[in-house]
Structures are given as C-alpha cells and as structure tokens.
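[1] I would like the atomic coordinates for the input below:
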Amino acid sequence: MNYSNEPSMVRVDFWKPSGKWYTTEAIKWIGYDGEIFMEFARSLRAHLGERMPDMTVTCLSPYNHNAHPICIKDGRWICQEMLL
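    Numbering: from 1, shown residues only. Below is the predicted model of the structure:
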C-alpha cells in the first residue's frame, strides 16, 4: 500500500536523537528490485539533501519487492559507507 496516488511515494517518520517523534514526510522511493537499505538511503538523500542529518528514520511500507518495515538510525542514511 502506498502513501499517495503514486505507488512509489512512501511515508517516512523522523525521530530526534532523544527518541521523540519529529515529523512525517512523503518521499519518492528510488528503485524497486535493489537492496532495500541502499534504496531507502538513496531516496532520502535525493529528497532531503543534507537536511535532518542526525535523525533516525523509519518507513513502515517501503516500495520494494522485499518490503518490510525499515529503520536507519542516527543519520546513517546520509553517508552510504555508514550503512555497510
């Protein structure tokens, strides 16, 4: 299930380092058949640039053929090497 009329749009929640919820944004998911963490990180970087660098992000319904809830902690989505 997608977050809008476009299937590749997903809901992403942002959490402060303290664990308090901060905001929700609709992000266009890049890819579909690739590695889910890398696709999520690429999608976030394309949408946000360098905004919200220390946030933890969650997506409950990724647009991926192996979809499952996903979380990347502490801004590790900004630097691809940190995901490895």
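
[2] what's the first helix or strand after the lowest-mean-pLDDT helix or strand in the chain?
    Among the helical and strand segments of the chain, the one scoring lowest on mean pLDDT, DSSP states H and E is helix 36-48, with a mean of 92. The helix or strand immediately downstream of helix 36-48 is strand 56-59, counting by DSSP states H and E.

[3] in the helix or strand that that next one is followed by, what counts as buried?
    Downstream of strand 56-59, the next assigned helix or strand under DSSP H and E is strand 70-72. Residues of strand 70-72 classed as buried by neighbour count (16 or more other Cβ atoms under 10 Å): Ile70, Ile72. Yep, even glycine has a C-beta here, placed from its N, CA and C like the rest.

[4] neighbouring contacts of the least confident helix or strand of the chain?
    If you take Cβ atoms under 8 Å, 6 or more residues apart in numbering as the criterion, helix 36-48 is touched by 10, 12, 25, 27-32, 57, 59, 62, 64, 66-68, 70, 72, 76-78, 80, 83.

[5] one more time with 7 Å, if that's ok
    27-31, 57, 59, 62, 64, 66, 70, 72, 77-78, 80, 83 (Cβ atoms under 7 Å, 6 or more residues apart in numbering).

[6] same deal with stretch 8-25?
    With Cβ under 7 Å, 6+ apart as the test, stretch 8-25 has contacts from 2-3, 26-29, 52, 54-63, 74.

[7] picking that back up, considering the contacts of helix 36-48, which possesses the most neighbours?
    Trp29 (27 neighbours; other Cβ atoms under 10 Å).

[8] still on that earlier bit, show me which pair in the contacts of helix 36-48 is furthest apart.
    The span of the contacts of helix 36-48, defined through Cβ to Cβ, is set by Asn66 and Ile78 at 23.4 Å.
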